[in-house]
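Peer 1: Take this sequence and fold it.
(chains A, B, C and D)
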There are 2 protein chains.
Amino acid sequence: MESTSMTASDEMLSVRAAELYYEDAKTQDEIGSLLGITRWKVGRLLGQARDHGIIRIEIVHPRARRLPLERELRERFGLADAIVVPNPSDASTLQLRVAEAAADYLQALRPVPKTLGVSWGRTLDDIAAALPEGWARGVDVVQINGGVSLNKRAGTAATTAVTIAQKGGGHATLLPSPAILERRETRLAIEADRTVAGVLERAASASAYLYSAGVASASSVLVDSGYLTPDDVAELVRKGAVGDVVGRYIDANGNIVDPGLNERTVGLGLTQLRAAQTSIAVIAGEAKHHVARAVASSSLCTVLVTDEATALALLEEGRQ
Amino acid sequence: MESTSMTASDEMLSVRAAELYYEDAKTQDEIGSLLGITRWKVGRLLGQARDHGIIRIEIVHPRARRLPLERELRERFGLADAIVVPNPSDASTLQLRVAEAAADYLQALRPVPKTLGVSWGRTLDDIAAALPEGWARGVDVVQINGGVSLNKRAGTAATTAVTIAQKGGGHATLLPSPAILERRETRLAIEADRTVAGVLERAASASAYLYSAGVASASSVLVDSGYLTPDDVAELVRKGAVGDVVGRYIDANGNIVDPGLNERTVGLGLTQLRAAQTSIAVIAGEAKHHVARAVASSSLCTVLVTDEATALALLEEGRQ
DNA sequence: GCAGTCGCTGCTCATCTGAGCAAGAGATCA
DNA sequence: TGATCTCTTGCTCAGATGAGCAGCGACTGC
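Peer 2: Model (predicted):
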């Protein structure tokens, strides 16, 4: 991306050449004689036109991706991989598109994970639905954070994990515990329980993780599920929370906001998540820009699946 | 533009190939081994992607043109040439862009016209302004329809012609007559006058014409100039008028709407205009779609300079 | 079951295109 | 003015690409 400025006449020639080349499918040679210049000059003009952004090439397809952005994300945040899908004109389908992309990625992931640790939530549901039957041959699934149990959506978390496992030809191991308990001691006690301890152990040794992130707001699933009150969340936000990852609230730097609350939360810890070989975060949408930044910049994930607008927002800051 | 449908898997491959080719600048060979297919298959997938409109290439530049649309216009309406400029995001600059394009075209017109017949109006003013000093060496300009004289913009018509002539190194011949007279006899009398007759003769023998078209509405320049009342125009519209060309109102088929009025109008007749070797109509903007269609489809011009939206509207009807 | 047809595949070959290089045209400075 | 430097230009050459063709398999109708 050179920023060499062009003379006005060269700019006009560039435009004419670009039109003849891309819209009229003429060869550079033909364009040369048409414009009275050599074919090499035409090639250079086209190059300049590309550099100056005069020629815009877009791939219009719901399943398209944005490779240049993916590369930038990888480089900027030191990710192993990044998946960026274009924002659909209809914003309501965005979550679906991203889920599809995540499902695609999961299916193509090599080496195929033996055990996949998953969180739960709306996004994970969508991914589970988007995965095709037989997306893998024998992938076991284990929940990495406590499930929903006390609200209307009871069972959803379980369904998600089971669906992913079934379609992947493996078994699901559920974490039979609330997401957040009222006292630290209770959490220690339940984690000491043989069943729960076994699941957590499995979770800790999973070969890959798949999770999403929530926004720190009153509409969070954790509030919805009754684990937290809107006031609790407001307090967390006051302390700097931008969102939650596997049930744990983090600030813009990816640090735990409320250690006390963290101590009452059941499931894989952020440290374990950070140590993972492969951890896929699926985070998309206007509201999640902040959490996405926190996750990406604090090494909480090795792979980020997101949308173009979020990717641009992440790359915006600190671009010279 | 083939309409061959693709299988879902080929479509996905097309998209991936297009991304790798256009966004990642990989060779078809590399893409082939990456996707596990031969490079020829990659080439074909890219071809299909282009055919299906998955790959959208746009040239982003105020002076850009839309060559494929120009070709379609030429073919559909049997034009000698067509110039289509992209619609700017800021609609207020559209007239300026089109005027620039018309000026460019005029400057590049070969053979260089010895005498150029021009009408007057806002669009012609803009073109005159857009023409660079010395756009031609010795092009004489002659007005082809009666000028504005009785309104605030008096003199504009003259200025337009003079400017074009001066910048082209030639002289301007003005038509010293009102656009529309009150009685047919007066028109005959004034046209019989030696001065006027001489100008009209010159106008009739011009080697090229440049004119715009007006919309049939109360905001027309002819109303503005006091030649017609809003009621007159309303009546014309009732009779089927879509707009005016060199002061003469035509219907959707390019026919004179009111023969009586036509008989009172001074200047080149539509028949003469239709017989011209080169007649350049510059018509752009939402409001002028109907006149543009009438002009293009009734052979009133051999060259049409317009904007993308208008071109699309013209091509829309009767597309199978 | 079998010939005919159609569409896809991989190939050859000619053409197109970009990287890199040497020469020339200006610009700059002493 | 002359020397030097920089930017542009036209070129060579190798690699990339598209057109066209023969072979293959699948499907169809008898």
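Peer 1: number of nearby residues for residue A:133?
Peer 2: Residues lying near residue A:133 (other C-beta atoms under 10 Å in any protein chain shown) number 8. Quick note: C-beta positions are derived from backbone N, CA and C, even for glycine.
Peer 1: Am I right that residue A:173 is in contact with residue A:200?
Peer 2: No. In this structure, residue A:173 is not within contact of residue A:200 by C-beta atoms under 8 Å, at 10.2 Å.
Peer 1: okay, those two: which has more neighbours?
Peer 2: Under the criterion of other C-beta under 10 Å, the comparison of residue A:173 against residue A:200 puts residue A:200 first, with 23 against 20.
Peer 1: Can you tell me the element that one falls in?
Peer 2: Assigned by DSSP states H and E, residue A:200 belongs to helix A:194-204.
Peer 1: what about that helix, average pLDDT?
Peer 2: Regarding helix A:194-204, the rounded mean pLDDT is 93.
Peer 1: what's the next secondary structure element after it?
Peer 2: Following helix A:194-204 in sequence, per DSSP H and E, is strand A:208-215.
Peer 1: Mind listing residues that contact that next one?
Peer 2: Around strand A:208-215, the neighbours that count as contacts under C-beta atoms under 8 Å, 6 or more residues apart in numbering or on different chains are A:102, A:106, A:109, A:113, A:115-119, A:121-124, A:127, A:144, A:220-222, A:242-246, A:268, A:273, A:276-283, A:287-288, A:290-292, A:295.
Peer 1: Return the set of buried residues in the next helix-or-strand element following that strand.
Peer 2: On the C-terminal side of strand A:208-215, the nearest following helix or strand under DSSP H and E is helix A:221-224. Neighbour-count burial for helix A:221-224 flags A:221-223 (criterion: 16 or more other C-beta atoms under 10 Å in any protein chain shown).
Peer 1: Just the ones in helices from the contacts of strand A:208-215, please.
Peer 2: A:102, A:106, A:122-124, A:127, A:221-222, A:273, A:290-292, A:295 (DSSP state H).
Peer 1: Would you convert those into CSV that also reports distance to DNA strand D and pLDDT?
Peer 2: CSV is the format used below for the ones in helices among the contacts of strand A:208-215 (distance: C-beta to the nearest atom of the strand, whole Å; pLDDT from 0 to 100):
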residue, distance to DNA strand D, pLDDT
A:102, 30, 96
A:106, 30, 95
A:122, 41, 89
A:123, 37, 93
A:124, 38, 94
A:127, 33, 96
A:221, 47, 81
A:222, 50, 84
A:273, 41, 95
A:290, 40, 95
A:291, 40, 96
A:292, 34, 97
A:295, 37, 97
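Peer 1: Please list only the buried members of those residues.
Peer 2: Applying 16+ other C-beta under 10 Å to the ones in helices among the contacts of strand A:208-215, the neighbour count classes A:102, A:106, A:123-124, A:127, A:221-222, A:273, A:290-292, A:295 as buried.
Peer 1: Just put the residues you listed in TSV and tack on distance to residue A:56.
Peer 2: Shown next, in TSV, are these (distance: C-beta to C-beta, whole Å):
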residue	distance to residue A:56
A:102	28
A:106	32
A:123	31
A:124	35
A:127	32
A:221	39
A:222	42
A:273	39
A:290	30
A:291	31
A:292	26
A:295	31
